[in-house]
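# sequence-free structure coming up:
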């Protein structure tokens, strides 16, 4: 199945080398294909790690072990398998992950728990241990590769390579942050697994790094939706090698903490948005800005109810400023809302204010906005100060094509 | 927009007259169309009423007033407007409903609170009072009509008329139950409003009638989903005229209570399933039977997570026994589940047992089952005794056509 490049694609950025991070790729041949499908990221000794994982309770062994290992705070390597998600494979799947951890740890002279493994692809088929062993061996001895090569290697049916970069000053030291992600290109019977990896040469204590990532996650990766479905393998890791040489950041009281946090959030937000831009069948990128909710979390839930509504998403696909469907989505979110204080707008024009259609509403500028690729929706609850921005895409025939008409 | 009759349609049943119930229809011309669009149901004095309503907090004035009025327990009339949902119209919409209540009450010599009003159609446009007044006047004086005529009159873009009937013995008295419903045929910018009305000549005390309906609702109307979206107007009313002449049923201790409850549940289940059979773009009717959950409510939530999953629904549309997507949907339901105790089957064949693919799984009989129109999915959690059955339909190009490609 050849997927056309998303019309919402963005060029791959020029991510600089990150001191303490080496990327290598190899062919494990998890599927019958002629492409690299195993990625090995080597991290300098003493690297901090933080992670966020899927909340799906039927998660893969990679996620279970990854959660345990990340809690220890340090990492030396990441292995990413593409073509087989190893999810729903019981003890045999878990053994394959443990084999990879042991193999890499033996070579690097580290603890197996410092080796983090992710897998994406077919589910229900245990990751073949022989292919994994040979693939890891090949990757361990491969030449270092570029960011874009590694990004293509973690991808499955992504239609474009997704990366982001930022830099910040920590005291007098310039630090770099680079991130790559795979997303929601998806082919039956896979699930749309999101795997994201962010690297920096900054020095950040693991506990603080986790605090930052968990917080940033609520405004970035947790604010995107393609179809409301949640993969059993979703993972985002942030690794800080400390090679930039500044004094480690352990709290917001330390110099450069704010700058680093802002740069990290930039990278995470860009990566999250890129996943939506490669949403299955997406023709339009939709930003839903929710204000006036009783809390930020309530605003996020309302935004996701809108972003997950098939009726809202098909309306946008059809260029229809259908605020009635937005009202419906707000009302079903299970959050405090008052019909008579609700306002809804598109592209900066209010269509409804305080629970009633705007009397002098002119459809032309709104219709024009909805013809574009980047759609902005404003939803004001009129209740409090809670706000959140959620990103999603439209629901089109392309989604049905990808998920129903083709078989693996 | 001409919608093709659903391939899953069922013939309209032969519902007998219900003593104490008279149906009349008229043209209010809420839209530019040449069809009846106002239904008037007259109920004999002393009729009991019970109702369940949308949980959408942005509900219509009809729902707000209906909830208050039903709580009083008696009703003399129902008015249903088709073509304008009167939702999100503020005080002007509320005034229109109150006008109809007063107009009908004056004619029947009853309290306005005994007149229940529903509306379905365009939102954001206040129900025009002049058209409502003339339409109600015409309906009050019209000749009585048949069940199928009333069903077509409450419909909007339904592709077939949906009704159900049952009878039961209450002591020595045979009672009749007849029900009609409109569902998820939908056209932008409307929402897929479900309006259901069930009538019986049985004598049932209002409090017990409400208890029965609320309980039955958890296994019928609350167990269907087309796209997970919730209309601002959803309403189901049950009216009992008591004209069959037996002693009123006030609890399960009274003769015939069990038989009546079972017959009422039959009618409600059939009506609920018919709504799914007219789901937008539906090509397949899907029954999801969840067992082994920690509670019935947990089983229902898991079933709805599966039934709402676009990935599951597109897989079924494509005839793909994609149990991996079912695992994913179970895991994201937010309910207790254990990956390693989960079993999933299609058409009576297990595809996965206890968290692993079935070793001798043969795809042919499953693939054959999935080619049919009536799909059965079994999901066993292996945790407890909770069970629920949920009904949904597949997600096809037809859904996108109806909701994105056409405009009102």
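Cool, got the structure. Every value quoted in this text rests on a predicted model; they were computed, and no experiment measured them. Numbering: from 1, shown residues only, chains lettered A, B, ... in the order given.
# from here on, contacts and neighbour counts on C-alpha atoms
Will do.
# so is the least confident helix or strand in chain A by mean pLDDT next to chain B?
Here the helix or strand of chain A ranked lowest by mean pLDDT, DSSP states H and E is helix A:397-400, holding a mean of 82. Yes: for helix A:397-400, a contact with chain B is found by CA under 8 Å from any CA of the partner chain, at A:397, A:400.
# show me what that helix is packed against.
Packing partners of helix A:397-400 (3 or more CA pairs under 8 Å, 6 or more residues apart in numbering or on different chains; DSSP states H and E): helix B:397-400.
# quick one: distance of the helix it packs on to the chain centre.
21 Å (CA atoms, centre = their mean, to the nearest Å).
# all helices of the stretch 1-150 of chain A, in order?
A:61-70, A:90-108, A:129-140, A:147-154 (DSSP state H, counting those that start in this stretch).
# of these, which is nearest residue B:82?
Set against residue B:82 and scored by CA to CA, the helices of the stretch 1-150 of chain A come closest in helix A:61-70, at 51.0 Å.
# and residue A:150, how many neighbours?
Using other CA atoms under 10 Å in any protein chain shown, residue A:150 has 25 neighbouring residues.
# I figured it hits residue A:39, correct?
Yes: with contact defined as CA atoms under 8 Å, residue A:150 counts as touching residue A:39 (6.3 Å).
# ok, and the closest non-adjacent residue to residue A:263?
Excluding the flanking residues, the one nearest residue A:263 by CA to CA, 6 or more residues apart in numbering or on different chains is residue A:166, at 5.7 Å.
# which strands and helices lie in contact with the helix or strand the one you found falls within?
Assigned by DSSP states H and E, residue A:166 belongs to strand A:162-170. Other helices and strands packing on strand A:162-170, by 3+ CA pairs under 8 Å, 6+ apart, are helix A:147-154, strand A:173-182, helix A:257-277.
# again, only this time at 6 Å
strand A:173-182, helix A:257-277 (3 or more CA pairs under 6 Å, 6 or more residues apart in numbering or on different chains; DSSP states H and E).
# what pairs with that strand, and is each one parallel or antiparallel?
strand A:173-182 (antiparallel) (DSSP bridges).
# ok, then the element right after the strand it pairs with?
Counting by DSSP H and E, what follows strand A:173-182 is strand A:195-200.
# what does that next one rub up against?
By CA atoms under 6 Å, 6 or more residues apart in numbering or on different chains, the list of residues contacting strand A:195-200 from outside reads A:176-182, A:234-240.
# where's residue A:312 relative to chain B, distance?
Distance, residue A:312 to chain B, using CA to the nearest CA, to the nearest Å: 9 Å.
# for that residue, helix, strand, or coil?
Classification of residue A:312 using DSSP: H, G, I helix; E, B strand; the rest coil returns helix.
# residue A:36 contacts residue A:26, doesn't it?
Yes: between residue A:36 and residue A:26 there is a contact at 5.0 Å, judged by CA atoms under 6 Å.
# what angle sits between the strand holding residue A:166 and strand A:195-200?
Calculated by axes from the mean of the first three to the mean of the last three CA atoms, to 10 degrees, strand A:162-170 forms an angle of 30 degrees with strand A:195-200.
# and the stretch 201-350 of chain A, which residues reach chain B?
A:232, A:314, A:315, A:317, A:318, A:322, A:331, A:332, A:339 (CA under 6 Å from any CA of the partner chain).
# the residues you listed: which two are farthest apart?
Distance extremes for those: the farthest pair is A:232 and A:339 at 36.1 Å, using CA to CA.
# related to what we said a few turns ago, neighbour-wise, which of the residues of the stretch 201-350 of chain A next to chain B leads?
Greatest neighbour count in those, by other CA under 10 Å, goes to residue A:232: 33 neighbours.
# so residue A:342 makes contact with residue A:381?
Yes: Residue A:342 lies in contact with residue A:381 (CA under 6 Å); the separation is 4.8 Å.
# what sits closest to residue A:170 if chain neighbours are left out?
Once flanking residues are discounted, residue A:170 sits nearest to residue A:256: 4.0 Å by CA to CA, 6+ apart.
# quickly note the distance from the residue of the stretch 201-350 of chain A at minimum distance from chain B to residue A:122.
The stretch 201-350 of chain A approaches chain B most closely through residue A:318 (4.2 Å), counting by CA to the nearest CA. According to CA to CA, to the nearest Å, residue A:318 and residue A:122 sit 33 Å apart.
# before we move on, back to that, show me what contacts the residue nearest to the residue of the stretch 201-350 of chain A closest to chain B when sequence neighbours are not counted?
Spatially, and ignoring its direct neighbours in sequence, residue A:318 is nearest to residue B:404 (4.2 Å; CA to CA, 6+ apart). Taking CA under 6 Å, 6+ apart, we find residue B:404 in contact with A:314, A:315, A:317, A:318.
# contacts for the least confident helix or strand of chain A?
A:280, A:281, B:397.
# give the buried residues for that helix.
Burial within helix A:397-400, assessed by neighbour count using 16 or more other CA atoms under 10 Å in any protein chain shown, is assigned to A:397, A:398, A:399, A:400.
# again with stretch A:163-179
Residues of stretch A:163-179 classed as buried by neighbour count (16+ other CA under 10 Å): A:163-170, A:174-179.
# which two among those residues are spaced furthest apart?
Farthest pair in the buried residues of stretch A:163-179, by CA to CA: A:163 and A:170, 22.8 Å.
# now, the most widely separated pair of the contacts of strand A:195-200?
Within the contacts of strand A:195-200, A:176 and A:234 form the most distant pair, 24.8 Å apart (CA to CA).
# export the residues of the stretch 201-350 of chain A next to chain B to CSV and tack on secondary structure and pLDDT?
As requested, those are exported to CSV (DSSP: H, G, I helix; E, B strand; the rest coil; pLDDT from 0 to 100):
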residue, secondary structure, pLDDT
A:232, coil, 75
A:314, helix, 89
A:315, helix, 89
A:317, helix, 92
A:318, coil, 90
A:322, coil, 86
A:331, helix, 88
A:332, helix, 84
A:339, helix, 87
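# out of those residues, which is nearest to residue B:374?
The closest of these, once distances to residue B:374 are taken by CA to CA, is residue A:314, at 26.3 Å.
# ok, for that closest one, nearest residue in space, not its chain neighbours?
residue B:404 (4.7 Å).
# what does residue A:214 give?
Spatial nearest neighbour of residue A:214, chain neighbours left out: residue A:52 (6.8 Å); criterion: CA to CA, 6+ apart.
# residues near the one you found, how many?
Residues near residue A:52, counting by other CA under 10 Å, number 20.
# repeat for residue A:125
18.
# quick check: the gap between it and chain B.
8 Å.
# per-residue pLDDT, that residue?
Here, the pLDDT recorded for residue A:125 equals 88.
# contact partners for the residue nearest to the spatial centre of chain A?
By CA atoms, centre = their mean, chain A has its centre lying nearest to residue A:272, at 4.5 Å. Residue A:272 is in contact with A:220, A:221, counting by CA under 6 Å, 6+ apart.
# please redo it, this time with the cut-off set to 8 Å
Residues in contact with residue A:272 (CA atoms under 8 Å, 6 or more residues apart in numbering or on different chains) are A:220, A:221, A:224.
# so residue A:227 is in contact with residue A:308, correct?
Yes: counting by CA under 8 Å, residue A:308 is a contact partner of residue A:227 at 5.9 Å.
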